[in-house]
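J.: only geometry, no sequence info:
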C-alpha cells in the first residue's frame, strides 16, 4: 500500500472513531438507554444526509469494514457460546423474541423498498 493511501485510510478511520466517541459522550451526558455506538451511527447518518461529511471522506474504510464484517461477529458468537446455560434456561422467550424481531425486520425492509420504488416512479 502506498504511503498516501495509508494516510487516507487512517484519516477516514479517524472520522469514524471521532463520531463513535461523540456518540459515547452523548450517551453519558444525556443518560439515555441507547448505546453510544448506536448514537454514533445515527450521528454519522445525519452528518452524511446533511452533507457535513461527504461519502468520499469515509468511503474506502467503510468498504473495507463491510468486506470484513464477518470477522466482527466472532466475539459475539464466542460470547453466546459462553452463555449457553442461560440460553438453555430461557430458550422459549428468546425464540419468540427472535421470531418477532426477524418478522419486523423483514416487514420494515419490504416497506422501505416499496416506498423507495414508489418515490422513484413518482420522480420519473
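T.: Received it, and whenever you're ready, just let me know what you need. What you see is a predicted model; the values in this text were computed from it and never measured.
J.: and residue 35, backbone torsions?
T.: Note on residue 35: backbone dihedrals following degrees, to the nearest 10 are phi -60, psi 150.
J.: count of neighbours near it?
T.: By other C-beta atoms under 10 Å, the residues close to residue 35 number 12. Every residue, glycine included, has its C-beta placed from N, CA and C.
J.: with residue 58 instead?
T.: 21.
J.: mind listing what's buried along stretch 8-23?
T.: 12-13, 15-16, 19-20, 22-23 (16 or more other C-beta atoms under 10 Å).
J.: for the residues you listed, which two are the farthest from each other?
T.: 12 and 23 (17.2 Å; C-beta to C-beta).
J.: thinking again about what came up before, let's see which of the buried residues of stretch 8-23 end up in helices.
T.: 12-13, 15-16, 19-20, 22-23 (DSSP state H).
J.: and residue 122, what helix or strand is that in?
T.: Using DSSP states H and E, residue 122 falls within helix 91-123.
J.: now do residue 27
T.: Counting by DSSP H and E, residue 27 is found in helix 3-30.
J.: same question for residue 85.
T.: Per DSSP H and E: helix 84-89 holds residue 85.
J.: which elements pack onto that helix?
T.: Applying 3 or more C-beta pairs under 8 Å, 6 or more residues apart in numbering; DSSP states H and E, one finds that helix 84-89 makes contact with no other helix or strand.
J.: name the residue closest to the centre of the chain, please.
T.: The centre of the chain sits closest to residue 41, judged by C-alpha atoms, centre = their mean, with a distance of 6.0 Å.
J.: can you pull the contacts of the closest residue to it other than its chain neighbours?
T.: Among residues not flanking residue 41 along the chain, residue 23 sits closest, at 7.3 Å (C-beta to C-beta, 6 or more residues apart in numbering). Contacts for residue 23 (C-beta atoms under 8 Å, 6 or more residues apart in numbering) come out as 36-43.
J.: since that was my last question, I'll sign off now.
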